[in-house]
Each structure stands twice: as C-alpha cells, then as structure tokens.
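Give me the fold of what follows.
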Amino acid sequence: MALAAAALAAVALAWRGGSGAGRAASVTGALAVIGAGFNGASFVNYGHAFSSVIMAGLWTLALACYLTGAVLAGTVAEAGPPGGRRGRPPGGCQNGDMLDHVSIQCADMAASASFYDAVLAPLGGQRVMDFGEAIGYGVPPKPEFWIGALTTGNGFRESHLAFTAASRAAVLAFFDAARARGAEVLHEPRLWLEYHENYYGAFVRHPDGNNVEAVCHLPEL
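Numbers count the residues shown, from 1 in each chain. A predicted model of the protein is given here:
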C-alpha cells in the first residue's frame with residue numbers, strides 16, 4: 001500500500017509542474033520506486049546481496065527524480081501558465097507595457113531635437129540613439145520615443161504625447177524648460193481631478209504644433 005502511494009505521489013508531483021520534463025522525471029521516479037520495492041522483496045525473501053545494491057540504486061534514482069519534479073513544478077508555478085492568469089502569451093505585452101516605441105515626423109529636426117533635449121531631461125530622458133535623420137529618446141539602453149525628418153504625408157494633424165514624470169517637481173521642471181525654449185503654453189501645471197485625484201500635468205506646444213504633456217500620477221510628497 002505504501003509502495004503504491006509513493007509511486008502515485010511521484011507521478012502527481014511532476015504532473016503539477018505541467019512540463020514534459022517534470023512529468024518524465026516523475027514517471028521515472030515512480031517506476032524506480034516500484035522497482036526498488038520488488039527488489040526489496042527479493043532481498044527479504046532470498047537474501048541476495050546484489051538485490052540490495054539494485055534497491056539502493058533505484059531508491060537513489062527515485063529521490064533524484066522526485067527532487068527534479070519538485071524543482072520543475074516550482075519553476076512553472078512561479079512563471080505561470082503561458083497566456084494564463086499570471087502568464088503572457090509569447091510575443092505579447094511585457095512588463096505591462098502595450099507600446100514598445102512611438103515615432104513622429106518633424107518638419108524642423110533641429111528645432112524639434114533642441115526642444116526634446118530640453119524638456120525630456122527633467123523627466124530622466126535623453127538621446128539614446130542618433131542617426132541624424134532620426135533620433136531616439138528614452139532611458140538607456142532603450143529608445144522609446146523617436147523623432148524623424150518629415151518624409152511622408154501632406155498637411156498637419158495634431159498628435160498628443162504624454163511623458164511620465166516621477167514627481168510633480170519634475171512636471172514643473174519640464175514646463176519651465178519648455179517655456180524657456182519659447183514653447184506655447186497650453187495648460188500650466190495643475191491637478192486634473194476629472195481624471196483622478198493625483199493627476200498632475202502640464203501641456204505645451206511642440207515646435208511642429210503637437211500637444212506635449214508631462215504627467216505625474218503620484219500624490220505630492
């Protein structure tokens with residue numbers, strides 16, 4: 001009875017891991033447990049020394065498979081099932097971010113680069129890549145916001161870009177830097193309670209006419 005229970009426990013453990021390797025480890029362990037039991041019976045009945053050696057080896061194998069199944073089960077449980085409640089589908093959103101990067105075209109690259117150099121610095125952003133006709137801003141090593149020379153499309157349609165600020169002081173620094181560059185003020189820094197109680201943002205006009213915002217979602221310290 002104890003032999004059957006041990007074998008079933010080994011199988012159940014790796015099946016809980018949910019991986020092929022974990023399941024294979026547990027089945028091997030279960031077979032080793034059963035084999036050890038039969039060899040143990042042989043040793044008791046016939047006293048063969050060789051049977052005791054085999055039994056010891058099989059019990060060692062069973063223990064190793066049990067531990068392997070436990071490790072694999074814990075690893076899968078921590079990671080969560082792909083696409084499940086805790087996991088994400090392969091190639092999907094990572095770290096909760098839906099956008100990987102965004103790029104806009106600018107009629108005046110020099111003016112735009114000067115503007116973003118100034119207003120993104122207080123928010124922790126900087127030039128990460130610079131190819132001349134395209135500049136990528138972000139927190140190193142990854143550029144998340146790109147500007148490029150105007151090459152396609154006719155006319156102008158305003159875009160709204162909101163950059164995260166770590167504090168309300170950073171929003172104020174963004175606003176001061178933009179105003180120092182001569183940017184048109186759309187909305188001075190203030191709370192926007194219609195969004196939520198801690199939405200603190202400032203809005204200015206980018207040289208190409210886009211609506212650029214810095215926003216902090218944290219309460220004032």
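
what's the burial count for residue 149?
If you count neighbours by other Cβ atoms under 10 Å, residue 149 ends up with 14. (Glycine included, C-beta is placed from N, CA and C.)

give me phi/psi at residue 197?
According to degrees, to the nearest 10, the main-chain angles of residue 197 amount to phi -70, psi -20.

could you pull out the helices for the chain?
2-17, 20-46, 49-79, 109-120, 168-180 (DSSP state H).

since we're on the residue nearest to residue 111 when sequence neighbours are not counted, how many residues are nearby?
Across the structure, with Cβ to Cβ, 6 or more residues apart in numbering as the measure, the residue nearest residue 111 apart from its sequence neighbours is residue 207 (4.3 Å). Residue 207 has 21 neighbouring residues, counting by other Cβ under 10 Å.

contacting residues for residue 207?
Applying Cβ atoms under 8 Å, 6 or more residues apart in numbering, one finds that residue 207 lies in contact with 106, 108, 111-112, 115, 183.

Tell me the confidence at residue 135?
For residue 135, the pLDDT comes out at 98.

Surely it is in contact with residue 146?
Yes - with contacts defined as Cβ atoms under 8 Å, residue 135 counts as touching residue 146 at a distance of 6.8 Å.

more crowded one of the two?
Taking neighbours as other Cβ under 10 Å, residue 135 and residue 146 compare with residue 135 leading, 23 against 18.

Next up, the contacts around the more buried one.
Contacts here follow Cβ under 8 Å, 6+ apart; on that basis residue 135 touches 109, 113, 116, 127, 129, 146-148.

Can I get the buried part of these as one ChimeraX selection?
Buried residues within the contacts of residue 135, as defined by 16 or more other Cβ atoms under 10 Å, are selected in ChimeraX through the command that follows:
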select :109,113,116,146,147,148
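
so which pair among the contacts of residue 135 is furthest apart in space?
Farthest pair in these (Cβ to Cβ) is 109 and 129. Separation: 14.3 Å.

And for the closest residue in space to residue 186 that isn't next to it in sequence, the neighbour number?
The shortest distance from residue 186 to any non-neighbouring residue, by Cβ to Cβ, 6+ apart, is to residue 203 (3.9 Å). Counted with other Cβ under 10 Å, residues neighbouring residue 203 total 21.
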